[in-house]
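Undergrad: Quick one: sequence plus predicted model below, questions after.
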Amino acid sequence: MSGKKWLFMFALTVFSVLLLCAGFSILVDPFGVFGDPLFDWYSYNETNNPRTAKLAYLEKHHGEYDSYVIGSSSAASLDPNELNAYTGARFYNLFVYGCDTKDYCDFASYILGHYEVKNLILNIGINEANTYDEGEDSYTGRMHARATDRSELFFYLSYALANPRYAVEKLISRAKDTDVPQVFDVFDAPTGTYDKRLRDVEQIGDLKRYEAAHGADFAVSPETAGLPYIEECAASVAMIRDLCREKGVNLTVIASPVYIAQWEAYDEGTLSAYKTALANETDYYDFSLTPISYDSRYFYDATHFRNAVGSMILAEIFGNDEVWRPEPFGTLVTAQNCAGYLDSLFQSPPVPEESDHTASLPVLMYHHFAENPENDMTISPEVFREQIKALADAGYRAVDTADLIAYVRRGIELPEKPVLITMDDGYLSNYEIAWGILEEYGMKATIFPIGSTFGNREFYKDTEYPIKPHFDFDEAREMLASGVIDIQSHTYDMHAWPPFEEDNPGARSDMLPLDGESEEAYAAAVRSDLETYDAIRKREFGEDFRALAYPSGLFTDYTEILVHGAGIEVTFSTEAGKNTLVKGLAQTLYALRRYTVTNDTTPDELLGWLEP
Amino acid sequence: MQKLYDILNENWPDIDFEKEEKLIDDGVLTSLDIVMLVGELNDAFDIEITADELLPENFNSASAIEALVKRLTAE
Amino acid sequence: MSISGAGFLLFLTAAALLYYLVPKAYRRFVLLAAGIIFYLSFSPAAGLCLLFTACFTFGSALLLGRLHRLEKSALDGGDADRKAVKARFRTRRKRLLAALLTVNFATLAVFKYLDPWLAELNDLFGLSFRPLNLLLPLGISFYIFQTSGYLIDCFRGRVEPERNFFKYALFVSYFPQMIQGPINRYQSLAPQLYEGSDFDADKIRLGIELLLWGMLKKVFLADPLADAVKEIYANYTAYSGFSVFLGAALYCIQLYADFSGGVDVVRGASQIFGIEMAENFKRPYFSRTLDEFWRRWHISLGEWMKDYLFYPMALSGAMGKLGKAARKRFGADFGKVAVPALCTLIVFLAVGVWQGPGLANIAYGLYNGLLMSFALLVDRRVRAFKTRLKIKDSSRAYRLFGVARTCFLVVIGRYFSRSASLYDALRMLWRTVRYFGEGLGEGNPFTAFGLDGGAWARVLFACAVLFAVSLLQEKGIRIRETLAKKPWYVQFVPLFIAVALLVVFVYLNTDYTAIAYVYESI
C-alpha cells in the first residue's frame, strides 16, 4: 500500500472511531439532548444536567402543560399535582438546582416565547442574590442552547463529542436502577420535581435523632460578603414581570421559607435591602421567616424546605384550611407594606414554642389476654385492669389513629396527656377480656388483626394446626360500634407462621422482601396484600385502612414507600420509645415506636415510661 | 606493526582484527575498550592520543589505528 | 500539554498541516513558531529562560568560532612556532569554553538544584533560606546539555558556529525534543531542520505509527502502574519485602514504558515532519551486562556523556599520568583498567546528578558506577574463571543468566532512583531482605498496593505485547516496514485497534464530572 493510501486510511480510521464514539453518545444520550431515543430516562438526564435536559424534555412534552414553576432547588417542593388541584391548570415544575436569576430570565423568555403559558410561579430564595450569570460551561452545568443566543449546532456537536464516560456511566446506572430514587435519578420526570420518596419516609419526629443524622447539612457559616447581586435579582424579576404582562400570563412570586441558620447568616440591613428591592418590582408572598424556620424537621437541609411545607405554602396562598399552617405564615408583601412588614419581622421574629407545634405521644403494645397466662407476653385481666386504672388515674386520655392524623394534618390538638393503646394480631381475648376493661375506664384502643386469620377459632387458616382463637367480623363490628375499639391493619397475609405453611414456601412471616426477591415482585406482593385487605375492610366495615402495624416490627424504607404510597397514613414498629408528632409533618406518624407491655409490667413502671 | 597487533590480540582475543572494518561504527569496541586501548597505545608508543583524535576514521580498523600511531609517533 | 492528551495531538496535526502547506523554504519558520507556541503554552516565564540560553549559547559559539579564525590567521601569518601558537590558542579556547559551560550549567543548576540544596542547608544547619520556588523550565535538562554539546563541538572545530540566530533558535526550541529529549547533536539535527522536508507519505506514515505505538505504551502500560508504584514507594513500611521488590520491578516497567513511549511519541512526531532523531532506547532489558544496559538505555545521554565527558576526561593529561602511575605501582593488568574504571565511576556520578537533586540520585549514580568499575577491574579474572568452567559467552544459558542478572541489578538500582530520599531507599532495601515474606500469608501480595485483578490482567497483556514486539526487533525485524508490505486488511486491524484504543482513552481523560458529584445535596 502506498504511503498516501495509508494516510488516507489512517484519517478515515480516526474519523470513523470518533463517529462511533459520537454515535454511542447520541444513542445513549446521557444529557437528554438528542431526545434520549433508547431509554427515555429523563429522571437520569435531568440529574446530570437539568438546565439542558429539562428543556429537552419540554421540547417533546410541552403540549401536556400550560403552567410552570420557575426557581432553583428550593422550588422543588411545590407540587404540580397540588397546584393543578387548586387551579385546574396543568403545571410543570421547571426548577433547576443551582440556578441564578439570569437562568430564570432565560427560561422565562424561552417558555413564554415558545410554549402555551397561562400561569407562572416564580420562587425566589436568598441564594439567588449570591450569584449571577455564573455562565457554567461544563457539560453538566450548561444551559440548553435554545434558551440562549449561542450556536445550536455547536451545542449539539459538543454533546455528541462529549466524553464517552458519561454514556458509559448512564448504562451502568441503568443496570443498577431501582424504583427507589438513587443518587443518579433524583427527578420525577412528569412533574419536574424531585423524587423525595425516600426522604419523605424517614423518621423525623425525634429531633435529636434527626439532627444526629443530618446535622452537618444544617450548618451555615455567616456570609460576610452579604448579597452582592440584589440589583440584578430585582432587574431579572422586573423583566419576568414585564414579559408576563406582555403575554397575559398570571404571575405569582413566592419568597420561599428559609431555615433560621441561613437567615441569620446575613445581617438585617442586607436582608431588608433585598426584600425591599424585590417588593419594589412586584408583590410577592413572603414565607421566609415563619415559626417553622426554627425547626429543622421542616427542612431537608439548610436550603431546602420539605414537600410538606410546600403543601402548606400552597394551602396558604389558595386558602385551604384542611392543611395546617402556623400563625403567622405567609404575608403578601407589596411595595407599600414592605417597610412595616420587615420592621415587625426583625423586631419580633416569629420564634415558636416547641409545644405549639409538637406533641409527645407514647404508644403501648399488647397482644393476648388470659386468666392464667403461660408466658409474660399474655396479660391477665387483673394486671390489665391495674395498668388501665393507673393510666386513667394519672390523667392519661386514650386516642386513636384518626386523632393523630387530625393533629398532623389540620393541627387539631390532642389531649394534654395522650396515650395510644394498641393490640396486635386480633385475638378473641381482646374481645372477651380487654374490651370490657377499657370501656369501664373510659379508654380506647386500636386492634391490628391479621387478615388471613380473622375469625379462626381453633385452627390456623384451613389447616389442622391449633391456634389461639381470633375474633371474627361480627365481633369486630360490635367493638367498632361501641366507639371504644378501632380496627386497623396487621397485613392480610404477611404475618404467616411458616411451620404451619408447608404447602406454601412463599409464605411471609413479615413485610421484608424474601431472599433474592426482585424489587418488582416485592412491590407487587405488598400492593396486592394491601389491596386485598382494604377490599375486605371496606366490605365489612365501610372504610379503607388508615394505619398498619408492621409484623414483628420489620420493614425497609421501600416498604414504607409502598405502604404510604397506597394510602396508609400511620405505621407502627416494635421499637420501644416515645414519639414526637409535628404539626404539618405527616411523616411523623411513620414507624411509631411502641412500648411492649408484659404481664410483669407494674403500673409504676408503665407510668415511668410515659413520663414526659 | 607487530607490537600493535600484540596489544590488540592480547586484550581482545575474541575480535578478528584482520577482518573487522567497523570497530567503532558497529560498536565492536566499546568506549571503555577505546580508553583502555588508548592508554595502552600511549604507554607502548610513548604518544599522546587526545580526545580530538577519537574519530571513527582513526579507529575503525586495525590499519586505521596503525596509521594513527604512525602519524603521532612521527610528530 | 501532556503528550498523551488531546491538546498535543491537535496541536501536532495543525502544525503538520501548516508545515506541508507552506513552501519548502519557509517550513522551518513553521517549526520555529510551533516551538515557541508550544513552549509558551507551558509557561511564558520559562520561555524567557529558554530565550536566554539560546542567545547566550549562540553568542558563545560565535566567540569560539572567532578564536578559531584568529588562530587560523595567526598560523597563516607565518609565525614560526606553530606548536606554541596552537598551544596558546588552545589554552584561550579552553578557558573560554570553561567559562561558557559554567554559565550554561549554572543555569541548569539554579533551576534544578537550588531549591533542594537550600532545603538541605536549612535542614542541616537550621537556617531558613526561603526557597525561590522556581518552576523548572520544560526540558531544561535536555536543552542545556544539547547546547553545551554544540559549544564543545564548536570548541573542537568540528562544527561551524551558526550565524543566523533564527536558525539556531530552531535548533534549541524544536518542540518534539523539549519534553523528553533525546539530546540531539547539531550535526545530525540542524541540517534536517533548516532544509525543510519534502512531503513523503511513507515517512509520515512511519512517524504516525511510531507515535501511536509510543502513546499505547504510555497509556496502557505506564499510566496504569503509576498509582501502584507511587503507593509502594510512599508506604513501603506497610508492605512485605516481596511487594517492595515487586514494586521496584513494576517501576522499571513503568519507567521504561513511560520514557520510551514518550520518546517514541516525540520521534514519531518528528518523523511526521520528515526529521529523524536518534533512537533513545534499544530494548534495554535484553542486556546481558550492566555495561550493555547503559548503551541501550537513554542512549542519547550515554552518547553525550561518552563524547563530552568520558573521552575528554579519560584521555586528558591528568588521567594519562594517573594511568602511568597505576601501571607502575600495581602492574600492567590493574594499571590499564584503572583509568577507565575511575572515569566510569565519575561519569555515572554525573548521570546520577543529572537525574535530579538529592542524595538518592547520587547514590544511584554511584551504585551503577561502582558496579561497572568493579566489573572492569575483575574482568580478567572473570574471563579466566569462565574459561576454566568452560562457560561460553554465546551459550543460551549464559545469555539468559546475564539478562536475569542485569535485570536484577537494574531493579535494585531503581530503589534509589525513585525513593523520596537515600534513607528511604536504604530502608526499602533492608525491608526487602529482612521482611521479605512478611504478611505474605494474609492477603494477596499482588493486589495489596492497589492493582486489582483486572488491572493486572491488562498490564500483563500489555507487557506480553511489548515483549513480543521487542523480541522481534531484537532479531532485527523492522516491524513497521514489514507491516507495510502486508495486504491492506492485515494492516488495517492493528491500526484500527490502536486508533480506537487511543481515541477512546484520550477521550476518556477529558473533563468529566461523575453524576454523584454533579448534584450537591438531595
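TA: Done, it's in.
Undergrad: Return the nearest residue of chain B with respect to chain A.
TA: residue B:25 (29.6 Å; CB to the nearest CB). Placement of C-beta: from N, CA and C, glycine included.
Undergrad: For my notes, confirm that residue occurs in a strand.
TA: No. With DSSP: H, G, I helix; E, B strand; the rest coil as the criterion, residue B:25 is assigned coil and is not in a strand.
Undergrad: What's the local residue count around it?
TA: Neighbours of residue B:25 under the rule other CB atoms under 10 Å in any protein chain shown: 10.
Undergrad: ditto for the one 10 residues further on
TA: The number of residues packed near residue B:35 is 26, by other CB under 10 Å.
Undergrad: just checking, it touches residue C:311?
TA: Yes. With contact defined as CB atoms under 8 Å, residue B:35 and residue C:311 form a contacting pair (7.3 Å).
Undergrad: Tell me which residue in the stretch 51-200 of chain C sits closest to chain B.
TA: For the stretch 51-200 of chain C, CB to the nearest CB, closest residue to chain B: residue C:156, 6.1 Å.
Undergrad: picking up where we left off before, residues touching the residue of chain B closest to chain A, list them.
TA: B:56, B:60 (CB atoms under 8 Å, 6 or more residues apart in numbering or on different chains).
Undergrad: Could you list the buried residues of stretch A:83-101?
TA: For stretch A:83-101, the neighbour count (16 or more other CB atoms under 10 Å in any protein chain shown) marks A:83, A:87, A:89-101 as buried.
Undergrad: next SSE after the longest helix along chain A?
TA: Identified as the longest helix of chain A according to DSSP state H is helix A:3-28. Next in sequence after helix A:3-28, counting helices and strands by DSSP states H and E, comes helix A:42-48.
Undergrad: what's the domain layout of the chain?
TA: Using chain A here. Annotated domains of chain A cover A:5-352, A:356-610 [automatic domain parsing].
Undergrad: I was after chain C.
TA: Taken from automatic domain parsing, chain C resolves into C:6-199, C:284-418.
Undergrad: With distance to chain A, mean neighbour count and mean pLDDT added, can I get the ones you listed in JSON lines?
TA: Below are these laid out as JSON lines (distance: least, CB to the nearest CB, whole Å; neighbours: other CB atoms under 10 Å in any protein chain shown; pLDDT from 0 to 100):
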{"stretch": "domain C:6-199", "distance to chain A": "9", "mean neighbour count": "17", "mean pLDDT": "85"}
{"stretch": "domain C:284-418", "distance to chain A": "28", "mean neighbour count": "18", "mean pLDDT": "87"}
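Undergrad: and the longest helix of chain A with chain C, contact?
TA: Yes. Interface with chain C: helix A:3-28 contributes A:3-7, A:9-10, A:13-14, A:17-18, A:20-21 (CB under 8 Å from any CB of the partner chain).
Undergrad: Identify the residue spatially nearest to residue A:517, adjacent ones excluded.
TA: Leaving aside its chain neighbours, residue A:517 sits nearest to residue A:525 (7.8 Å; criterion: CB to CB, 6 or more residues apart in numbering or on different chains).
Undergrad: would the one you found count as being in a strand?
TA: No. Read with three-state DSSP, residue A:525 is helix and lies in no strand.
Undergrad: what sits against the residue of chain C found nearest chain A?
TA: Here the residue of chain C nearest chain A is residue C:201; by CB to the nearest CB that distance is 2.8 Å. The contact partners of residue C:201, taken as CB under 8 Å, 6+ apart, are A:2, A:3, A:4, A:6, A:7.
Undergrad: From chain B, how far out is it?
TA: According to CB to the nearest CB, to the nearest Å, residue C:201 and chain B sit 31 Å apart.
Undergrad: Give me the residue at the spatial middle of chain C.
TA: Central residue of chain C (CA atoms, centre = their mean): residue C:298, 4.2 Å from the mean position.
Undergrad: which SS class is the closest residue to that residue other than its chain neighbours?
TA: Spatial nearest neighbour of residue C:298, excluding adjacent residues (CB to CB, 6+ apart): residue C:280 at 6.1 Å. With three-state DSSP as the basis, residue C:280 sits in coil.
Undergrad: So which elements touch the top helix by length along chain B?
TA: If you go by DSSP H, chain B has its longest helix at helix B:31-45. Helix B:31-45 sits against helix B:2-11, helix B:62-74, helix C:311-314, helix C:317-355, with contacts defined as 3 or more CB pairs under 8 Å, 6 or more residues apart in numbering or on different chains; DSSP states H and E.
Undergrad: With distance to residue A:149 added, can I get the ones you listed in a markdown table?
TA: Shown next, in a markdown table, are those (distance: least, CB to CB, whole Å):
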| stretch | distance to residue A:149 |
| --- | --- |
| helix B:2-11 | 82 |
| helix B:62-74 | 78 |
| helix C:311-314 | 68 |
| helix C:317-355 | 55 |
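Undergrad: Of those, which is nearest residue C:266?
TA: Residue C:266 sits nearest to helix C:317-355 of all the helices and strands packed on helix B:31-45, at 18.5 Å, using CB to CB.
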